[in-house]
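Enquirer: turn this into a structure:
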Amino acid sequence: MKFYVSCAKGLEYLLVEEVLALGAASATATVSGVNVEGSLHDAQRLVLWSRLASRVLWPIGAFECLDQDALYEGVHALPWTGHLKPEHTLAVDAHVSGEVITHARFAAQRVKDAVVDHLRSQGLERPSVDVDDPDVRINFSLRKGRATLSIDLGGGPLHRRGWRRVRNDAPLKENLAAAVLMRGGWSQSYAGGGGLLDPMCGSGTLLIEGVLMAADVAPGLQRHGSLPPTRWLGFDMAHWQGLREQARERETAGRAALPAQVAFGSDIDPRAIEAARESAREAGVEHAIVLQVCDVAKLPAPPIRRGVVVCNPPYDERLAADAALYRALGDGLRRAVPDWRASLLCGSAELAMATGLRAQKKYQLFNGAIECALIFVDPIAPPQRVVPDAPAELNVGAQMVANRLRKNIRKFKSWRQREDVTCYRVYDADLPEYAAAVDVYEEADGARRTFLHVQEYAAPASIPEADTLRRFNELLAAVRNVFAVPHEQVAIKSRARGKGGSKYGRLGAGSEVIVVREHGARLRVNLFDYLDTGLFLDHRPLRGQMAHAARGRRFLNLFSYTGVASVEAAVAGAASTTSVDLSGTYLQWCQDNLQENGLGGQQHQLVQADALAWLEADRGQYDLIFCDPPTFSNSARAEDFEVQRDHVRLLRACIARLSQGGVLYFSNNFRRFRLDAERVAEFAVCEEISAQTIPPDFERNTRIHRAWRLTRA
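Expert: Numbering: from 1, shown residues only. This is a model prediction of the structure:
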């Protein structure tokens, strides 16, 4: 038979692996579920043993359903006396799509009526309805005019394991917790003597699920006690009892082998810890879990050398996402368990990035309707990548690069001294076969160390990979030779060939944030963890021009990134700044930059929003606006944006917010961008200023961005 097993969106392929491992003949992933080929006994085994499934649906009938009459007649025609008795209670779950029947509740009511009428037509009593705990739960699905009726073999949602007694504000479902544990390789780690850690454990779902998984306890064993999950007449009760007896034997052996204190949990909320203790007692695993009230920033190291960190930090509407909290989580894990692996369910890819941890794998999962990012990190704090010491003598190629670097340093010396430039590009593929950019960042304080940011460009596909690697190593040797800096002060962004072409490999060598200075402002940059550093060097002249004009004026920064333009305007004496970006991570970075300069308060606003939508809804007035949008954006949390398609709408909205005499600076880095001058002229006076905004260190690449100065028409 073919039957259907549903799951949370994003778990389909993991569920396929589990279904096959549990003995089904075949399984194929579909949206939010798996189509399975197997026997009724296979389906019953899944009800008892699947950790990922939401429901197991066994079909009992299908028919064409073109209207509500066809629905009633198709259901009524089925042999219901073979499926339930009059004394059984029933419930109907309905899922409909299309234009024939649009209301699920109406469909469920009609199915119930047809079942009841069929039994009464046979001279039997009318069965009762029990929506919470029915003897038989029926599932009705209508898609593309085809109706399918199934028996829900589990009697309801399978994520309910039977041990939860206390619910916190936003409990993680147990089947999603199982996915986090499986993606983290918890079973393999436990077999090797590893431990489990959740530093934001809430009510303990991940820890309890993990310990029960380690103890080989079937997830359905405690769900209904000694009762069967359904009283459907087709259910093989004898086989079910046999499955339960085998599961009990495995549970006894697994619990006996379970060591004390194998899992460790902490949370800053004492009520959450108490709820976790009560649930652990109900699950019979209290002795295996150590729980304590603790801030993640002060996380102690567990007494086990290796293991898996699992965590579901807050992120949804009820539990506000805080990029600073995610960063504290990453810092705490690096300090306490650097050699462990981690499987973290974060609210978004941006929040995952805010941890500062470099993920080897990323998965898209859905916690209900909320799209989440699951990242796998192994190890949490990888050994620093060692840049080889520069050889005493450079080969011919490396010497060529070294000579060019020295030439550029001499060339930029007087300009840098005159304009007090401490962060600049010293090499930009000057020699085409050595295709990379080398940026210099000088620390603002203390030892005023020099850091280097080396970013490899993609080589043509015709160049052998061995030649590309040799040339990049020669460039690195030249960089080390010329600047004589320790390897830990060199951030390397190298490209790796892979499916789909060239892509950036593991980024950098560490996670150090340094403070640099530009136009009198102190700025935090991170050279190692992200592709971008937090400071776009090519916009230096434009930022300086805006800062010079900002004194006493209201400054608006759209698509603000890390807020450098806002900070420099504020340091220069802007009356107020407003920074708008969709990324909470970047806004947190902006706030850190403001605090680095002793700035804050109501006059410096940070707004997390889709910039264009916010701008069109805003009614404020600004004297100076900086708008530097991305080429395109397709975030799930905002309307799709393309700068070429949408720039007129964007500029019109910006001009509407300009005060009398205000100025808008607009820039972007889309090389094929064409300003629609005719339409823009309807509402603005526009002057291209690209040439004046390209600094000397980017003169080799004058197309790196384009910029315009706009005022009201």
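Enquirer: assign the residue located most distally from the centre of the chain to helix, strand or coil.
Expert: Taking C-alpha atoms, centre = their mean, the residue of the chain most remote from its mean C-alpha position is residue 123, at 57.5 Å. Look at residue 123: counting by DSSP: H, G, I helix; E, B strand; the rest coil, its state is coil.
Enquirer: how near is it to residue 1?
Expert: When distance is defined by C-beta to C-beta, to the nearest Å, residue 123 is 31 Å away from residue 1. Any C-beta I mention is one placed from the backbone N, CA and C, and that applies to glycine too.
Enquirer: try residue 58
Expert: 8 Å.
Enquirer: low-scoring stretches of the stretch 551-700 of the chain, by residue?
Expert: 635-637 (pLDDT under 70).
Enquirer: with the stretch 101-250 of the chain instead?
Expert: Residues of the stretch 101-250 of the chain that meet the cut-off, pLDDT under 70, sit at 165-170.
Enquirer: rerun at 80
Expert: Within the stretch 101-250 of the chain, the segments meeting pLDDT under 80 span 165-171.
Enquirer: do a quick rundown of the strands in it.
Expert: For the stretch 101-250 of the chain, the strands defined by DSSP state E, counting those that start in this stretch cover 136-143, 146-152, 195-198.
Enquirer: how about the longest one as CSV, C-alpha atoms only?
Expert: Spelled out, that is strand 136-143. Presented in CSV, the C-alpha positions along strand 136-143 are these (Å, rounded to 0.1, in the frame of the first residue of the first chain):
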residue,chain,number,x,y,z
VAL,A,136,-11.0,7.1,15.4
ARG,A,137,-9.6,10.2,13.8
ILE,A,138,-10.4,10.6,10.1
ASN,A,139,-8.4,12.8,7.7
PHE,A,140,-10.0,14.3,4.6
SER,A,141,-7.9,15.8,1.9
LEU,A,142,-9.2,17.6,-1.3
ARG,A,143,-6.7,18.6,-3.9
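Enquirer: in it, what's buried?
Expert: For strand 136-143, burial by neighbour count (16 or more other C-beta atoms under 10 Å) applies to 136-142.
Enquirer: so what strands line up beside it?
Expert: strand 90-96 (parallel), strand 146-152 (antiparallel) (DSSP bridges).
Enquirer: contacts for that strand, please.
Expert: 55, 57, 65, 71, 75, 83-84, 88-98, 100-101, 107-108, 111, 115, 147-152, 155-156, 230-232 (C-beta atoms under 8 Å, 6 or more residues apart in numbering).
Enquirer: cool, the second one as well?
Expert: Identification of contacts with strand 146-152 by C-beta under 8 Å, 6+ apart yields 3-4, 55-65, 71, 74-75, 78, 83, 93, 111, 136-142, 230, 232, 234-235.
Enquirer: kindly recompute the last result at 6 Å.
Expert: Taking contacts as C-beta atoms under 6 Å, 6 or more residues apart in numbering, the residues outside strand 146-152 that touch it are 55, 57-63, 65, 74, 137, 139-141, 232.
Enquirer: closest one to residue 413 out of those, please.
Expert: Checking these against residue 413 by C-beta to C-beta gives residue 55 as the nearest, at 70.6 Å.
Enquirer: find the residue closest to the closest one in space, skipping its chain neighbours.
Expert: Nearest residue to residue 55, sequence neighbours excluded (C-beta to C-beta, 6 or more residues apart in numbering): residue 6, at 4.8 Å.
Enquirer: repeat for residue 254
Expert: Residue 254 sits nearest to residue 216 (C-beta to C-beta, 6+ apart), 3.4 Å away.
Enquirer: number of nearby residues for the one you found?
Expert: 17 (other C-beta atoms under 10 Å).
Enquirer: and it, what are its phi and psi?
Expert: Note on residue 216: its backbone torsions stand at phi 60, psi 40 [degrees, to the nearest 10].
Enquirer: pretty sure it is touching residue 248, no?
Expert: No - contact criterion C-beta atoms under 6 Å: residue 216 and residue 248 do not qualify, at 11.0 Å.
Enquirer: hey, what's residue 452 bridged with?
Expert: Residue 452 has the following beta-bridge partners by DSSP bridges: residue 440, residue 490.
Enquirer: which parts of stretch 451-468 are buried?
Expert: Those would be 451-456, 459, 468, for stretch 451-468 by 16+ other C-beta under 10 Å.
Enquirer: now stretch 96-108
Expert: 96, 100-101, 104, 107-108.
Enquirer: burial count for residue 525?
Expert: Using other C-beta under 10 Å as the criterion, residue 525 is surrounded by 25 other residues.
Enquirer: which other helices and strands does the helix or strand hosting it contact?
Expert: Using DSSP states H and E, residue 525 maps to strand 521-526. Using 3 or more C-beta pairs under 6 Å, 6 or more residues apart in numbering; DSSP states H and E, the elements in contact with strand 521-526 are strand 513-518, helix 564-571, helix 584-596.
Enquirer: name the residues that touch the second one?
Expert: Outside of helix 564-571, the residues that reach it under the criterion C-beta under 6 Å, 6+ apart are 519-521, 523, 535, 543, 547, 550, 555, 557, 577, 579, 593-594, 597, 599, 626.
Enquirer: mind listing what residue 627 touches?
Expert: Contacts of residue 627 by C-beta under 6 Å, 6+ apart are 558, 654, 666.
Enquirer: repeat that for 8 Å
Expert: 558-559, 611, 650-651, 654, 664-667.
Enquirer: for it, give its distance to residue 577.
Expert: From residue 627 to residue 577 the distance is 14 Å (C-beta to C-beta).
Enquirer: residue 148 too?
Expert: Distance of residue 148 to residue 577, given as C-beta to C-beta: 58 Å.
Enquirer: so for these two, which residue has more residues nearby?
Expert: The residue with more neighbours, out of residue 148 and residue 577, is residue 577; 28 against 18, by other C-beta under 10 Å.
Enquirer: next up, phi/psi of the more buried one, please.
Expert: The phi and psi torsions at residue 577 (degrees, to the nearest 10) take the values phi -130, psi 140.
Enquirer: which residues does it bridge with?
Expert: residue 555, residue 604.
Enquirer: what sits against it?
Expert: Per C-beta under 8 Å, 6+ apart, neighbours of residue 577: 555-557, 566-567, 569-570, 603-605.
Enquirer: pLDDT below threshold where in the stretch 401-550 of the chain?
Expert: The stretch 401-550 of the chain contains residues with pLDDT under 80 at 446-447, 494-512, 529-531.
Enquirer: in it, which spans are helices?
Expert: 465-483, 540-549 (DSSP state H, counting those that start in this stretch).
Enquirer: in a markdown table, list the ones you listed along with distance to residue 15.
Expert: Below are those laid out as a markdown table (distance: least, C-beta to C-beta, whole Å):
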| stretch | distance to residue 15 |
| --- | --- |
| helix 465-483 | 37 |
| helix 540-549 | 50 |
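Enquirer: check contacts around residue 700.
Expert: 428-430.
Enquirer: is it true that the residue nearest to residue 254 touches residue 253?
Expert: Yes - counting by C-beta atoms under 8 Å, residue 253 is a contact partner of residue 216 at 7.1 Å.
Enquirer: for stretch 115-134, list every residue counted as buried.
Expert: Counting neighbours by 16+ other C-beta under 10 Å, stretch 115-134 gives 115-116, 118-119, 127, 134 as buried.
Enquirer: residues contacting the nearest residue to residue 395 once chain neighbours are set aside?
Expert: In space, residue 395 comes closest to residue 474 once its chain neighbours are excluded; the distance is 6.6 Å by C-beta to C-beta, 6+ apart. Contacts of residue 474 were listed using C-beta under 8 Å, 6+ apart, and they are 394-395, 397-398, 401, 434.
Enquirer: let's see 7 Å
Expert: Residues in contact with residue 474 (C-beta atoms under 7 Å, 6 or more residues apart in numbering) are 395, 397-398, 401.
Enquirer: now swap in residue 682 and tell me
Expert: residue 713.
Enquirer: burial measure for the nearest residue to residue 706 once chain neighbours are set aside, as a count.
Expert: Excluding the flanking residues, the one nearest residue 706 by C-beta to C-beta, 6+ apart is residue 690, at 4.5 Å. Close neighbours of residue 690, defined as other C-beta under 10 Å, add up to 15.
Enquirer: my read is that residue 690 contacts residue 707, right?
Expert: Yes - with contact defined as C-beta atoms under 7 Å, residue 690 and residue 707 form a contacting pair (5.1 Å).
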